[in-house]
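S.K.: any chance you can model this:
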Amino acid sequence: MAKGQDETTDSNRSLLNRRGYLQLSGAALASAALMGGAAASQSEEEVDVGADTVVDLGEQGLSNGDTIDDYLDEYFEDGVEVRIPEGEYNWDGRGFHRAANRDAAVIGEGEVILNLQADEFRNDIRAEGGMVAVENLTVRGGPSQSSRFRLEADSDGHVLINNFNWPDGSDEGARSRPYYSPRSHAGVVEIRNCYFKGFSNNGIYTSSPGKGDDGQVIIENCVSHNNNIAGIRIGSSNSIVRNCVILNDSPAPENNKGQLNMRGIRIAESGDDMLIENCEIIHSYDGAGGPIRWSSDGDSSTGHIENVRIYNNTGIAAIGNRESRTQGWSGTNISVDGNGDLGVPSQFENVCEGAECHNLSSSYDADDAREFIGPQGEEPSEGDEQDAESESESEPQDEEEESLDIGTVGTKDVENIIADTNGEWSNYLARRSGEGTELVIVTDNSGGINYEITTSDRIVPLYEREDYRSNRSRPTDYTRWNLDGTWTAIGSTAGGGHSGDSFVYFGDVVDVDIDGDIEGVTVYKDGSEVSVDALVDVEVNASTNRPLGWRVPEQNKVLIVDGTDAEGSSRFSFSVTGDVTPDVALSSALNSDTLSIDGKTVTGTIANGFTGFRFSGDLVGVEMDGAVQMTTETTNI
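M.R.: I've put the predicted structure just below:
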């Protein structure tokens, strides 16, 4: 029988079962489109799938504690965006299965919990065209039988899973995983901002398209915690694992064959041009598998690994280094530490070994990195079964675009480029220390562009502007926090007519990259037209693309204020002897209206969530009112 909500143990309610895992790591996992808000309950994380109809299930009679499956069966269909009101609902494991194939979504508004009542869940989400999205849900209770969400898109289809979390895992032998993509996947599957722990047969299993229709898989801002076989598994061309954390610190449940082999990231097929970047893999449990491994089917794959930090206590190489499997891969800016095998492929560059490589207060100048060629590790047994899935003849189409380095772009006059923002955003700015700089990117009768703009402090999309507002349709326009402490705005503009996106940033612009049809691009900074090279505010180290002398702030301790068991609001207060900063990556609830930082003292209220902070020095003067807990940890990596 599935573990129900009321059967969950206290340990299953711990911070590590949600997104507080980051207290163990220095990783940057923020889904930075959150405008100071919660990863698990943020309505700003909405998609725009182009649905014709919006259905609020609360208006259709769904109440807190009801069973939700019949409502999903009835309303989740093509052209419909289904909204689920904040609350807890019983879930019999169905309702998403092939119900909609294009321009449709299921979106939780606030914190929506589905309490699994059945022994299994087996739902297929397929986009035959357009987008099909599922967002802002958390499943409590784990299956005891074979279970998965099967994600698949035709060549012109797009499946988006965003902030869909699985903290309770599965029973041993359940052959269960949260997400799987079959051979017939040919379009784009994206899995973003998800946390999944304790599954018996992979966390994200999306390698099969690499031996079929080769559809792209993008996995970003996700956390895998103690999942068997592999935390994240890819294998198709152009697939990406970015800004993810894989933490294996205790045994996962065994699979249906009684096997235990907890790899971090597994490259299981022979796709081309795969990318793994800005990730942390922590294998502090010495019985885990290798942090990054290639399977026997992956010897002809190609790809690149960059800005990856690994802590490895296992006897298996940190990055599988058999030449026959890794020869098509390159790597740079890799740091490895731990008591285990720290080996990496010999062709990788800028590899640093030892605890000093992970010191967040150290310089990130690449000249300081030490090259290292590790010992040859032994390949572990595969410990996994093959999945037989139907094949399809569809192939995704790739387009090459012209690339633009930092330089001057053409300018055009665009009227009314800077519109007043709404009062909510003005209030938000007023709460910030210092003034932000407004940035607007406009294209005029172009074929569209893709851009990345990196800043030394937070950059936030302006979703509420009247003109040239950023598009909430993820992954169109959003921002993320990077491992080195910088922020990057990522977005695109469509072709034809006037199209534009707006942001406000704090600090300095340190890097700009624009790809696509660059004719007709115009950039405005605080209302004044500027060239792209004029956006960069400081002199940048050519090797690192960071400001000269850049150092990450030395806040090597974290504090989690946990109010998940509180009834109503609870007040908290604490002081530190050093500096303190709220961190959205450590938070499910970060409400600037109820949070105050006066120098070294923080006061606030919290209800049904947790808030994280990074600080230096010592913690002093702690006060708590109500059922709230505090957890502190010093980050070593």
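
S.K.: partner strands of the helix or strand containing G500 and their direction?
M.R.: Taking DSSP states H and E as the definition, one finds G500 inside strand 498-505. Using DSSP bridges, the strands paired with strand 498-505 are strand 437-444 (antiparallel), strand 459-461 (antiparallel).

S.K.: worst average pLDDT in the ones you listed?
M.R.: Note on the strands paired with strand 498-505: lowest mean pLDDT is at strand 459-461, with a mean of 82.

S.K.: name the residues that touch that one?
M.R.: Here strand 459-461 makes contact (Cβ atoms under 8 Å, 6 or more residues apart in numbering) with 32-33, 35, 436, 439, 453, 470, 472, 477-479, 487-489, 491, 501-506. Any C-beta I mention is one placed from the backbone N, CA and C, and that applies to glycine too.

S.K.: show me which of these are buried.
M.R.: 32-33, 35, 436, 439, 453, 470, 472, 477-479, 487-489, 491, 501-506 (16 or more other Cβ atoms under 10 Å).

S.K.: helix or strand right after the strand holding G500?
M.R.: Next along the chain after strand 498-505, taking DSSP H and E as the criterion, comes strand 509-516.

S.K.: what is the next helix-or-strand element following that next one packed up against?
M.R.: Under the assignment DSSP H and E, the closest C-terminal helix or strand after strand 509-516 is strand 521-525. Applying 3 or more Cβ pairs under 8 Å, 6 or more residues apart in numbering; DSSP states H and E, one finds that strand 521-525 makes contact with strand 437-444, strand 528-530, helix 532-535.

S.K.: okay, the angle between strand 521-525 and strand 498-505?
M.R.: 30 degrees (axes from the mean of the first three to the mean of the last three Cα atoms, to 10 degrees).

S.K.: pairing partners for strand 521-525, with directions?
M.R.: Here, using DSSP bridges, strand 521-525 pairs with strand 437-444 (antiparallel), strand 528-530 (antiparallel).

S.K.: quick one: closest of the ones you listed to D213.
M.R.: strand 437-444 (32.3 Å; Cβ to Cβ).

S.K.: that older thread, from the strands paired with strand 498-505, which stretch is densest packed?
M.R.: Stretch with highest mean neighbour count among the strands paired with strand 498-505: strand 459-461 (a mean of 25; mean count of other Cβ atoms under 10 Å).

S.K.: end-to-end on stretch 100-112?
M.R.: End-to-end distance for stretch 100-112: 21 Å, by Cα to Cα, to the nearest Å.

S.K.: so for that stretch, what's the average pLDDT?
M.R.: 92.

S.K.: same check, this time on stretch 531-547
M.R.: 63.

S.K.: for G264, what are its contacts?
M.R.: Counting by Cβ under 8 Å, 6+ apart, G264 has contacts 224, 230-232, 246, 248, 281, 283, 288-293, 310.

S.K.: from the centroid of this protein, which residue is nearest?
M.R.: N221 (1.2 Å; Cα atoms, centre = their mean).

S.K.: what does the closest residue to G447 other than its chain neighbours show for phi and psi?
M.R.: Counting by Cβ to Cβ, 6 or more residues apart in numbering, G447 lies nearest to D517, which is 3.4 Å off, once chain neighbours are set aside. Main-chain torsions, D517, degrees, to the nearest 10: phi -80, psi 100.

S.K.: next, count neighbours for D517.
M.R.: Residues lying near D517 (other Cβ atoms under 10 Å) number 17.

S.K.: same check on A355?
M.R.: 12.

S.K.: tell me how far the closest residue in space to it that isn't next to it in sequence lies from T314.
M.R.: Once flanking residues are discounted, A355 sits nearest to D337: 5.3 Å by Cβ to Cβ, 6+ apart. Plainly put, D337 is 13 Å away from T314 if you go by Cβ to Cβ, to the nearest Å.

S.K.: check P182 too.
M.R.: Distance from P182 to T314, by Cβ to Cβ: 31 Å.

S.K.: go on, L160?
M.R.: With the distance defined as Cβ to Cβ, L160 ends up 34 Å from T314.

S.K.: that older thread, who's more crowded, D337 and T314?
M.R.: Each of D337 and T314 has its neighbours counted (other Cβ under 10 Å); T314 has more, 25 against 22.

S.K.: return the residues in contact with the more buried one.
M.R.: 283, 285-291, 340-341.

S.K.: and if we set it to 10 Å?
M.R.: Residues near T314 by Cβ atoms under 10 Å, 6 or more residues apart in numbering: 248, 262-264, 283-291, 338-341, 377, 380.

S.K.: please settle this for me: is D70 part of a helix?
M.R.: Yes - D70 forms part of a helix when assessed by DSSP: H, G, I helix; E, B strand; the rest coil.

S.K.: and the residue lying closest to it once chain neighbours are set aside, what are its phi and psi?
M.R.: Nearest non-adjacent residue to D70, counting by Cβ to Cβ, 6+ apart: G95, 7.8 Å away. G95 adopts backbone torsions of phi 110, psi -20, taken as degrees, to the nearest 10.

S.K.: isn't G95 right up against L116?
M.R.: No - using Cβ atoms under 10 Å, G95 makes no contact with L116, being 11.9 Å away.

S.K.: just checking, which helix or strand of the chain averages the lowest pLDDT?
M.R.: When the helices and strands of the chain are compared on mean pLDDT, DSSP states H and E, strand 403-404 comes out lowest with a mean of 26.

S.K.: break the chain into its domains for me.
M.R.: Residue ranges for the domains of the chain, per automatic domain parsing: 7-30+553-637, 142-368, 403-547.
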